[in-house]
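> The following block contains a protein sequence and its predicted model.
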Amino acid sequence: MKLGVNVAIIQDNRILLTQREDFEVWCLPGGAVDPGETLAEAARREVREEIGIEVELERLVGVYSLPEDGVGSGHIAVFAARPLSEELTLDPNEVIAAGYFTLDTLPDAMLDWHRPRAEDALSGVGGSLYRRQNVPWPFPQLSRRELYALRDRLGLPRAEFYHRFYVAGETVPAAVLPVRTFLLDADHLLANKRRLAARDATLEHAYANLLVEAEDALNAGPWSVMDKPHTPPSGDKHDYYSVGPYWWPNPDSADGLPYVRRDGETNPERAHYDSDPLKDLIAAVDTLALAYFFSEDERFARHAAHLLRVWFLDEATRMNPHLNYGQAIPGICDGRGIGIIDTLQLSRTVDAIGLLAASPHWEKTDQLGMADWFRRYTDWLLQSPLGQEEARQHNNHGVWYDAQVAAFALFAGMKEIARALLVTSAPQRITAHIAQDGSQPHELARTRSLSYSVMNLHGLMDLARLGDHFDLDLWRFVGRDHGGIQAALDYLIANTVDADWDLPQITPFDQNELLSLLLRAVAVYPETEYAAVALRLQAEESAADRAGSFEYTQNRTRIERIERISADFLRF
């Protein structure tokens, strides 16, 4: 829900209206209030930006409430004003025409919810008027950018689009609706789907691998939090339960309590809780949804929908939307804020749900149920003591907390929460996490310093990608020490590709994790040599494959997933 303004500019009993560029309909000038602005400041700024004149605000006509969640919703303050100049300078990105109208000549092609505002202003209403305007939004789930993509995809004249779907209330076929993904680039998804339909040979290998993985995934699961052999301290198996990965039985006590920490060494006991099944679920749904999107084979959508319902929605098997018992430490605590990192990959799941939208096997009740689940989980992340504890973490945990909240909030329709976090917290994370030389000091202190540096940069890149939805360029943001995302990637390349990593790394490092970062960066920084470096790494992996490398064989599925998602096939 946002705060906005409209301005009724009145001269000689006529009101000035503008014709919008997006739908070619008439309306009052106005827009959203920016952070730090007063209502009056926002009103004058919007008029200045849209039609290039200054105005004197004379009275408050009233406040108009559009409580539904959709483009244009919120509480709107309407001011009456007089113009201080005559010549208009229209912003072509927003306005294609402007003119004055009397009360009885208001244009038919006018936003329905702006008409009563204009009538109130011309009738001399002012002061304490409050009107609740119930506007039926045909696309409440779409952002403004997604709405415009739908408009253009249908190929209708803009005014006709408005009248058919806003006025007449026609239903748009689900298959035509924009792809709602938040980390994957929807435009590239659609472009590659068209390339596949045209039998583009460059995609055949990646597509074949995807279908093989999807066929395997048809036999996977379902998984449920009810399957674990351990019961959380609450006594409710619907509660997610995991143990800290680096905590082991105490060799100096008879019962092994309290557990002791061995950083970077994973205790195999962790596999008997909920964390591994959740990872398996996320991977299977991701594969099935991608395969469905490109192939339109309903088998994949049907099984993905089944897996999601069992884990999240079905009464008997669902997971409660909180992580009160994430990464518990036997003998020390029942759960920790840093356990929230267990759900970091669920941002892939909300993208996968967007890919399932056109399937009849993904029903409206499923979509609403998942939106409600993530809304409740986001509320818990923001309001619970454990969530607030994780938000204060200075290392990769803080980054991944922000990335989760932003992605889940976007999916659940909590757009202002996502925007506020990406505007305020994300730049602070970049500043605090990346030094002038591009190193990530908080991660270099770990026993797996390279793995954690790469993991943290993945999280920062996720924040940058999510910022794209609000036209925030976090990709090129630099902090006070001039360290940014690109500097961090350059540091990793310089110290791994053409040199040996000389800091602690107690486990083998999968070079494909770095490859994934490079392929994400290629589209953002086309002026760099990242594409050439990525090709070198891919060539080295191909050579390892030909040599029968055991490590390559073990990681083959992961490598093919990176190639599929990050290179030509999907593109971030």
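Alright, I've got the coordinates.

> The protein: strands as residue ranges?
2-11, 14-20, 26-27, 30-32, 55-66, 74-83, 95-101, 130-132, 247-248, 260-261 (DSSP state E).

> among those strands, which is nearest residue 270?
strand 247-248 (9.0 Å; CB to CB). C-beta coordinates here come from the backbone N, C-alpha and C atoms, glycine included.

> Could you list the low-confidence segments of the stretch 451-572 of the chain?
541-572 (pLDDT under 70).

> doesn't residue 363 make contact with residue 302?
No - counting by CB atoms under 8 Å, residue 363 is not a contact partner of residue 302; they are 11.3 Å apart.

> Neighbour count for the two, which is higher?
residue 302 (18 against 12; other CB atoms under 10 Å).

> Now that one. Nearest residue, chain neighbours left out?
In this structure, residue 302 finds its nearest non-sequential neighbour in residue 361, 4.3 Å apart by CB to CB, 6 or more residues apart in numbering.

> mind checking how far stretch 397-404 is from the chain centre?
12 Å (CA atoms, centre = their mean, to the nearest Å).

> contact partners of it?
Contact with stretch 397-404 is made by 337-338, 340-341, 343-344, 346-347, 381, 387, 390-393, 421, 425-426, 429, 433, 456, 459-460, 462-463, 466, as judged by CB atoms under 8 Å, 6 or more residues apart in numbering.

> try stretch 419-430
35, 398-399, 402, 405-406, 409, 460, 463-464, 466-467, 470, 472, 474, 477-479, 483-485.

> now with 7 Å?
With contact meaning CB atoms under 7 Å, 6 or more residues apart in numbering, stretch 419-430 is reached by 398-399, 402, 405-406, 460, 463, 466-467, 470, 472, 474, 477, 479, 484-485.

> From the chain's centroid, how far away is it?
14 Å.

> now swap in stretch 269-280 and tell me
So, by CA atoms, centre = their mean, the centroid of stretch 269-280 is 25 Å from its chain's centroid.

> Next: stretch 166-186.
16 Å.

> One more: stretch 249-257?
Distance, centroid of stretch 249-257 to centroid of chain: 43 Å (CA atoms, centre = their mean).

> Report the buried residues of that stretch.
residue 249 (16 or more other CB atoms under 10 Å).

> Other residues contacting that stretch?
So stretch 249-257 is in contact with 258-260, 330-331, going by CB under 7 Å, 6+ apart.

> residues contacting residue 324?
Neighbours of residue 324 in contact, by CB under 7 Å, 6+ apart: 239, 335, 386.

> With adjacent residues omitted, what lies nearest to residue 380?
Per CB to CB, 6+ apart, closest to residue 380 is residue 322, 4.5 Å.

> where does that neighbour fall, phi/psi-wise?
phi -160, psi 170 (degrees, to the nearest 10).

> Next, count neighbours for it.
20.

> Then residue 358?
Burial of residue 358 is recorded as 17 neighbouring residues (other CB under 10 Å).

> who's in contact with the residue nearest to residue 302?
298, 301-302, 305 are the contacts of residue 361 under CB under 7 Å, 6+ apart.

> tally of neighbours for residue 347?
Residue 347, neighbours per other CB under 10 Å, totals 24.

> hang on, isn't it packed against residue 183?
Yes - here residue 347 lies in contact with residue 183, judged by CB atoms under 7 Å, at a distance of 5.9 Å.

> picking up where we left off before, now render the contacts of stretch 249-257 as JSON lines, adding neighbour count, pLDDT and distance to residue 226.
Output for the contacts of stretch 249-257, formatted as JSON lines (neighbours: other CB atoms under 10 Å; pLDDT from 0 to 100; distance: CB to CB, whole Å):
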{"residue": "258", "neighbour count": "14", "pLDDT": "94", "distance to residue 226": "28"}
{"residue": "259", "neighbour count": "21", "pLDDT": "92", "distance to residue 226": "25"}
{"residue": "260", "neighbour count": "17", "pLDDT": "93", "distance to residue 226": "31"}
{"residue": "330", "neighbour count": "18", "pLDDT": "89", "distance to residue 226": "22"}
{"residue": "331", "neighbour count": "15", "pLDDT": "92", "distance to residue 226": "26"}
